[in-house]
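> pasted the sequence and its predicted model underneath.
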Amino acid sequence: MEEATPIVEMRNIKKNFGGVQALRGVDLVLYHNEVLGLVGDNAAGKSTLMKILSGAYIPDEGEILIEGKKAHIVNPWDAHRQGIEMVYQDLALANNLDVAANVFMGREAVSVKLGPISVMDEHHMEQETQRLLDRLKIDISSVRLKVESLSGGQRQAVAIARATAFNNKVTIMDEPTAALSVTAIGKVLDLVRELKAQGCSIIIISHRLEDIYKVSDRMMVLRHGSKVCDTPVTGDIDGFREHVVAYIIGARNDFTEGASEQSNDTRK
């Protein structure tokens, strides 16, 4: 069997906010073509750790390696250049713009540039957006629809599509199924499966343990800024939920051996 290859390694990451120690030397490994579920109670350090990986925060200590090479990530553009994109819970979409404009926001295609004046190539952006939606099997009738007219699930799909539109290596999703209907949740999880099938590596932050169970190969639990569990997702949903909750509430805090082993679980 071919040895699993890490695409991201975070080593001994520490972060303080004044007198609050948000991260206490956390290690994280993400493999190629893996879905990693990141769980924990509020203020456990999940979003802080991912904001460090995506360049929104700078760690006080520790290092990040991308495909085995030390990466210098001090802002979101550094993360973009490394192929790391984060979809935040608030989605950061422009409601008054259409789907194509949102996908290309900040990276608009230009057909003509005359000094300070640029003319956007709207036809190219619309074509490429439609190809992207088709590839990801996202059902939106027209890329010219304004985002404000879309359902919650469609808006989440647009945000995820934008994050994966420019050959990224890692997609981070912060609570991607929060406040969605059951049908919309199913479609977002299908999109996660489709991204993985196309070779993406994904980290999902979620309080919905059933979502983590359905799509993740491995899950990692943080508690009070420390990693307390890192293990493949196995077993039935009830046993999985009981196992995770025990770590979240502190009933268990032993680190699972073999945490770096990649799961071969292929549940759909």
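Arrived safely, thanks for sending. Numbering: from 1, shown residues only.

> so where do the strands sit in this structure?
6-17, 20-31, 35-39, 61-66, 69-71, 84-87, 110-114, 117-120, 170-174, 201-205, 218-223, 226-232 (DSSP state E).

> nearest to Phe104, of those?
Of all those, strand 117-120 sits nearest to Phe104, with 8.4 Å by CB to CB. For the C-beta atoms, the positions are set from N, CA and C on the backbone; glycine is no exception.

> related to what we said a few turns ago, the strands of the chain: lowest mean pLDDT?
Of all the strands of the chain, mean pLDDT reaches its minimum on strand 110-114 (a mean of 79).

> and it, what does it pack against?
When contacts are defined as 3 or more CB pairs under 8 Å, 6 or more residues apart in numbering; DSSP states H and E, strand 110-114 sits against strand 117-120.

> circling back to that earlier point, could the strands of the chain go into a markdown table alongside distance to Arg135 and mean neighbour count?
Output for the strands of the chain, formatted as a markdown table (distance: least, CB to CB, whole Å; neighbours: other CB atoms under 10 Å):
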| stretch | distance to Arg135 | mean neighbour count |
| --- | --- | --- |
| strand 6-17 | 21 | 18 |
| strand 20-31 | 22 | 19 |
| strand 35-39 | 18 | 25 |
| strand 61-66 | 24 | 17 |
| strand 69-71 | 27 | 12 |
| strand 84-87 | 16 | 24 |
| strand 110-114 | 24 | 9 |
| strand 117-120 | 22 | 11 |
| strand 170-174 | 14 | 25 |
| strand 201-205 | 16 | 25 |
| strand 218-223 | 26 | 25 |
| strand 226-232 | 29 | 20 |
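
> just put those in JSON lines and tack on distance to Lys187.
Converted to JSON lines, the strands of the chain look like this (distance: least, CB to CB, whole Å):
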{"stretch": "strand 6-17", "distance to Lys187": "26"}
{"stretch": "strand 20-31", "distance to Lys187": "24"}
{"stretch": "strand 35-39", "distance to Lys187": "16"}
{"stretch": "strand 61-66", "distance to Lys187": "30"}
{"stretch": "strand 69-71", "distance to Lys187": "33"}
{"stretch": "strand 84-87", "distance to Lys187": "15"}
{"stretch": "strand 110-114", "distance to Lys187": "33"}
{"stretch": "strand 117-120", "distance to Lys187": "30"}
{"stretch": "strand 170-174", "distance to Lys187": "14"}
{"stretch": "strand 201-205", "distance to Lys187": "15"}
{"stretch": "strand 218-223", "distance to Lys187": "22"}
{"stretch": "strand 226-232", "distance to Lys187": "26"}
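
> nearest to Ser149, out of those?
strand 84-87 (20.1 Å).

> got the contact list for the closest one?
Residues outside strand 84-87 that contact it (CB atoms under 8 Å, 6 or more residues apart in numbering) are 8, 50-51, 53-56, 66, 73, 79, 156, 159-160, 162-164, 166, 168-174, 176.
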